[in-house]
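S.K.: Sequence and predicted structure are below.
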Amino acid sequence: MGSRSHPLRILPLLAAMAGFTAHTTPVASTAPTAPTAQNARTAHAAPAAPAAHVEHVEHVARAAALHSLSRGAGEGGGEGGSSRNAGSDDAACAGPLSTVLAPISPSLAKPDGRQQPVWIDARRLLWPGLMLEAGQVVRLHRSTPGALSLTDGRMTGADSTLTLTPSTEPLSTEFVAQTAYLQTDVQLALPDAPEASLDAQSLHRGQVLLTVEDAQGRVLRWSPAQSARALDALYAAAENEPALGASLSGKGAAFKLWAPTADRVELCTYPGPDTPAHARLPLTRDDRTGIWSATAPAVRPGAYYRYLVEVFVPGLGRVRNLVTDPYSVSLSADSARSYVADLSEARLKPAGWSASRIPDRVKTPTDMVVYELHVRDFSRDDASVPAAMRGKYLAFTQRQSQGMKHLRELARAGLTDVHLLPIFDIASVPERGCKAPPLPPKDAGPEALARAARAGAATDCFNWGYDPFHYSAPEGSYASDANDGATRVRELRAMVMGLHAAGLRVGMDVVYNHTSTSGQAAQSVLDRIVPGYYQRLDATGKVENSTCCDNTATEHRMMGKLLVDSVVMWAREYKIASFRFDLMGHQPRAVMEQLQARLKRELGREVQLIGEGWNFGEVADGKRFVQASQLSLNGTGIGTFSDRGRDAVRGGAAGDGPAEAARRPGFIVPMPAGDLADPALTKRREELLQQGDLLKLAMAGTLRGYTLETRDGRRVRGEQLPYGDQPGGYASVPAEVVNYVENHDNMTLFDALVLKLPMNASDEDRARTQIVALGINALSQGVAYFHAGGELLRSKSMDGNSYDSGDWFNRLDWSQTDNGFGIGLPPTAENAAAHSDHYPVLRQYLGLSAKPRPAAIAWTNRAFLDLLRIRASTPLLRLSDPVEIGRRLVFHNTGPGQQPGVIVGRLDGAGRADAGFERLLYVVNAGAGPATLELPAEAGFAWRLHPVQRAAGAGDGRLRKEASVDRASGRFQVPARSVTVFVVER
């Protein structure tokens, strides 16, 4: 997103994170506090400001608040705990989840809220805002039991005290850039010869505070220090440890946990998911890596375990946390216990798993045609699936279900990948006892369904799942038995096999940019093991939450390792073929490149990586590291979603409210008839031409170096075409661009078009406009990405953020009978509370007779299948080399004299044996009337309609009758609202 950040609109969260205790905020008792939080969201200016993270406004935060009491509270009545020792081994292993062994001194319970010192390596730290006067010094005080206290103005209770010295040692240019957000030149260092009893590692175990003191030793200011970079320096060897978590061998089970700041770690083992503990074993610390380990010969596959971690928690005291394993590969119900498994065990493999192969359909990333699908949406309302399997992994094993027949039909037409919304363990759905709220009476009014959905959100079975709990374990609510760790593994693999049998590769949506919560909250895992390390902190020590929830710091060595290890595991053990990274721009480019290389090295195959490369928040514009964002991934071959084509197709920006969206039509909305002397029509014509320029570039792969003629007659490179204040072209190769016109976020394409098309638009016009949008995507160079149900005119009844709106608003109907429009006003807070002005607008549009008849849905599906067949018919539409695109693709109907609303692209197949056609020409006509184009450069060729579109059973029968070409003159004619493809056959 360029070198500039974009304005943020701050929206209050609907509810605080229940059970959240910020690890920098002292509490007066062991019960967790629940402070309010705020959520950031980009607001973009017209006409083409980039849409960053509107897709993550409330959906995870609200889910965490609603579900924290229904899931993850664990055994022993939650995570509050007692300030007394737990007593017996059984009691400690049964709960509570958190026990304060030694509370912090009340004199140190209220930090001053100013910027904290930040360790930059094992010896040095920066202290932003610090100004020392004559005679003042900075001291470090450490207490193993956490006994520091401020008494009569002096720090007491320390085991050791060191005086820090000013340092002028130069920082690298890279490091200066990474710490620019601290805005400080004040650098301090440990003394060259610290007392022998205080080694560098011990400075980050127990209670450690820094003070500013006067010449008499009186404390003028005190603060904890942020230690993540010091831990990275001190324990760098841990990054190379290949076997964190639980592993099995002939000698039994081995356990490894990275907990460098802990003073004691023990292992609780359990024979079953609900049985009392079988054993409590101590782990041994390796000082070189900070990893605690133990072998347990008596522990066998199928057992369960948790760790007891004794660690100092800033603001709280010395705490014993009962916590699951960050490297869990499976769990018991509601993620209460980690599961011991060797994923290569035969009992964890469904019949035929070893022989199941990833379909060999993608030779290069631009061959990918992706279908984004939610596991529960897929089958919850499919009556052809056995009731016990609806909404579950096993629904994908039902070959004769309506849903699987539909997926096979898409695969035969050219779909290559199904990308599943999160299937890792999530925090927001109760895995035992979830239930759909009762459906209100039909005559209860348009808001009744919204009220019912909101009322049942805490206990229902639906959520998108962007609220990670355990990154490497399957989600239990999709399994037939969430309490059996083996069942989750087998059934997820069975789902993958079912999709392989349908000819489809399986992709996975992953969310390593945040956790559902942090600190001492019940659903916090990472922060309760190494407090303050895994989350990204601001200068005052608060957890950043620009992604909607508690951001992770993937720039830290072991959080980056967790990401890489987890993704490699999913690819290896579950045969995941591609990954979509949620808010990937919050991760370092270096980590993504490390992952890319390791996948290829260890698996011996290409694993495609795509993600959201939005540039926003505390990491924007490289403030902390070089991001994995649109403009920063140039040259990696890692794909990012392009808002350029999306916004040009739909109009406006993804986060527009309904009234604003209605006023901002996209390229696919025809210009109203009238006299161009009308200023409004003149403005709309200019906007349409501008959108056309962006779409031509998008259809050329959004390449930096592609040259095209703009509406004013200039010839420019893609990077010179403006998109707001950014370059329109940002990719070096087409694999770095993911083209889409809708996905799970925001309103569906159909709903957006309800706002943008004339209110009296017919079924036919709505369906044809939808196909124009999907056709632009299908014919564009790069990765093609489609939202499940777009081909069925899918509606969410105008819900712009259906992350927790339940089954009714997220429904998919494979019978092609009902697209979901008009079931009621949407329930999300975005529509109901934060923007109360939305409801009157939505009420007006939902009252339209816009619900399509089944015939319109079926027509759209047939026409979409033809688009997939056309894309699959020739590699000319899937070129991987930018030089090839520049040489083979040219656009007609450009410059000042062009027809607005019409895009004409021609691809040359000469010299390419696999091209299938000598030439291919597409005409996208978004206009309300037929279009005629005089193209002398194409005269004399044997043009005819593409075989798919001239077939007797073609989806859009108009094309055979109304599309024509005069070969001698090069005159092409196409019908209104159509995507027409002509070819010169060999």
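M.R.: Here it is on my side, so go on.
S.K.: Please count neighbours and contacts with C-alpha atoms only from this point.
M.R.: Noted.
S.K.: Is residue 270 in contact with residue 281, as I believe?
M.R.: No: with contacts counted by CA atoms under 8 Å, residue 270 stays clear of residue 281, the gap being 11.8 Å.
S.K.: out of these two, which sits in the busier spot?
M.R.: residue 270 (25 against 17; other CA atoms under 10 Å).
S.K.: Next, find the distance separating residue 682 from residue 675.
M.R.: 9 Å (CA to CA, to the nearest Å).
S.K.: The two: which has the busier surroundings?
M.R.: residue 682 (14 against 10).
S.K.: what's the pLDDT at that one?
M.R.: For residue 682, the model assigns a pLDDT of 92.
S.K.: Also the one 10 residues further on?
M.R.: We have a pLDDT of 98 for residue 692.
S.K.: my read: it touches residue 648, true?
M.R.: Yes: contact criterion CA under 8 Å: residue 692 and residue 648 qualify, at 7.4 Å.
S.K.: what do the two both touch?
M.R.: Shared contacts of residue 692 and residue 648, defined by CA atoms under 8 Å, 6 or more residues apart in numbering, comprise residue 667.
S.K.: thought residue 313 was touching residue 320?
M.R.: No: using CA under 8 Å, residue 313 makes no contact with residue 320, being 9.6 Å away.
S.K.: in a strand, that's where residue 610 is, yeah?
M.R.: Yes: Residue 610: assigned to a strand according to DSSP: H, G, I helix; E, B strand; the rest coil.
S.K.: Could you check how many residues crowd around it?
M.R.: That count, for residue 610 with other CA under 10 Å as the rule, works out to 24.
S.K.: now do the one 10 residues further on
M.R.: By the measure other CA under 10 Å, the count of residues near residue 620 is 22.
S.K.: Check whether it sits in a helix, strand or coil.
M.R.: helix.
S.K.: From residue 140, how far out is the residue sitting furthest away from the middle of the chain?
M.R.: The centre of the chain is farthest from one residue, residue 216, which by CA atoms, centre = their mean lies 53.3 Å away. As for residue 216, its distance to residue 140 is 16 Å (criterion: CA to CA).
S.K.: likewise residue 524?
M.R.: Residue 524 is 29 Å from residue 140, by CA to CA.
S.K.: Compare the two (neighbour count), which wins?
M.R.: A count of neighbours by other CA under 10 Å puts residue 524 above the other of residue 524 and residue 140, at 24 against 21.
S.K.: Tell me which residues touch that one, please.
M.R.: Counted by CA under 8 Å, 6+ apart, residue 524 has contacts 469, 515, 516, 517, 518.
S.K.: tell me which element the first one is part of?
M.R.: Right, residue 469. strand 468-474 (DSSP states H and E).
S.K.: Mind giving me the packing neighbours of the next helix or strand after that strand?
M.R.: Next helix or strand after strand 468-474 toward the C-terminus (DSSP H and E): helix 485-501. If you count contacts as 3 or more CA pairs under 8 Å, 6 or more residues apart in numbering; DSSP states H and E, helix 485-501 packs onto strand 468-474, strand 505-510, helix 557-574.
S.K.: In three-state terms, label residue 371 for me.
M.R.: Taking three-state DSSP, the label given to residue 371 is strand.
S.K.: Going along the chain, name the strands of the stretch 201-350 of the chain.
M.R.: 207-213, 219-223, 245-249, 252-258, 262-270, 279-282, 284-286, 291-296, 304-313, 317-323, 338-339 (DSSP state E, counting those that start in this stretch).
S.K.: among these, which is nearest residue 779?
M.R.: Ranking these by proximity to residue 779 (CA to CA) places strand 245-249 first, at 45.3 Å.
S.K.: Give me the contact list for the closest one.
M.R.: By CA under 8 Å, 6+ apart, the list of residues contacting strand 245-249 reads 253-257, 300-301, 325-328, 340-342.
S.K.: got the buried residues for it?
M.R.: For strand 245-249, a neighbour-count test (16 or more other CA atoms under 10 Å) marks 245, 246, 247, 248 as buried.
S.K.: same thing with stretch 433-449?
M.R.: Buried residues in stretch 433-449 (16+ other CA under 10 Å): 434, 436, 437, 446, 447, 448, 449.
S.K.: Okay, and which of those residues map to strands?
M.R.: For the buried residues of stretch 433-449, not one is inside strands, with DSSP state E as the criterion.
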